[in-house]
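Colleague: pasting the structure only:
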């Protein structure tokens, strides 16, 4: 499942977590506020980033785990 954070995505994310989608991928924004919720549903969180610094911030927030 891929969520574009700049577009409405809450309803889709909720359904995916209820259905136990194994990987939720985010794009075009900061996924930090979703990490805990996705992990609580036993899913992994990925985030497409465009720089090394953004990758470091994402990893620190628990993305890619």
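Modeller: Done, it's in. Quick caveat: nothing in here was measured; it's all calculated off a predicted structure.

Colleague: Now do the helices in the chain.
Modeller: 10-18, 32-40, 52-60 (DSSP state H).

Colleague: Deepest in the core, which of these is it.
Modeller: Counting by mean count of other Cβ atoms under 10 Å, helix 32-40 has the highest mean neighbour count of those, with a mean of 16. In short, each C-beta sits where N, CA and C put it, glycine included.

Colleague: what angle sits between it and helix 10-18?
Modeller: 20 degrees (axes from the mean of the first three to the mean of the last three Cα atoms, to 10 degrees).

Colleague: Buried residues of stretch 21-31, list them for me.
Modeller: By neighbour count on 16 or more other Cβ atoms under 10 Å, the buried set for stretch 21-31 is 21, 24, 25, 26, 27, 29, 31.

Colleague: Low-confidence ranges, this protein, go.
Modeller: 65 (pLDDT under 70).

Colleague: re earlier: quick one: which of the buried residues of stretch 21-31 sit in strands?
Modeller: 24, 25, 26, 27 (DSSP state E).

Colleague: any idea which of those residues is the one closest to residue 60?
Modeller: Each of those was checked against residue 60 using Cβ to Cβ; the closest is residue 26, at 15.2 Å.

Colleague: shouldn't that closest one be in contact with residue 49?
Modeller: No - assessed by Cβ atoms under 8 Å, residue 26 is found out of contact with residue 49, at 9.7 Å.

Colleague: Just grab the bridge partners of residue 44 for me.
Modeller: Beta bridges link residue 44 to residue 23 when assigned by DSSP bridges.

Colleague: Now for it, how many residues are close by?
Modeller: For residue 44, the neighbour count with other Cβ atoms under 10 Å is 14.

Colleague: ok, now which ones touch it?
Modeller: 22, 23, 24, 38, 64, 65 (Cβ atoms under 8 Å, 6 or more residues apart in numbering).

Colleague: so how far is residue 56 from residue 9?
Modeller: According to Cβ to Cβ, to the nearest Å, residue 9 stands 24 Å off from residue 56.

Colleague: follow-up on the earlier one: include distance to residue 3 when you put the helices of the chain into a markdown table, please.
Modeller: Formatted as a markdown table, those follow (distance: least, Cβ to Cβ, whole Å):
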| stretch | distance to residue 3 |
| --- | --- |
| helix 10-18 | 6 |
| helix 32-40 | 8 |
| helix 52-60 | 14 |
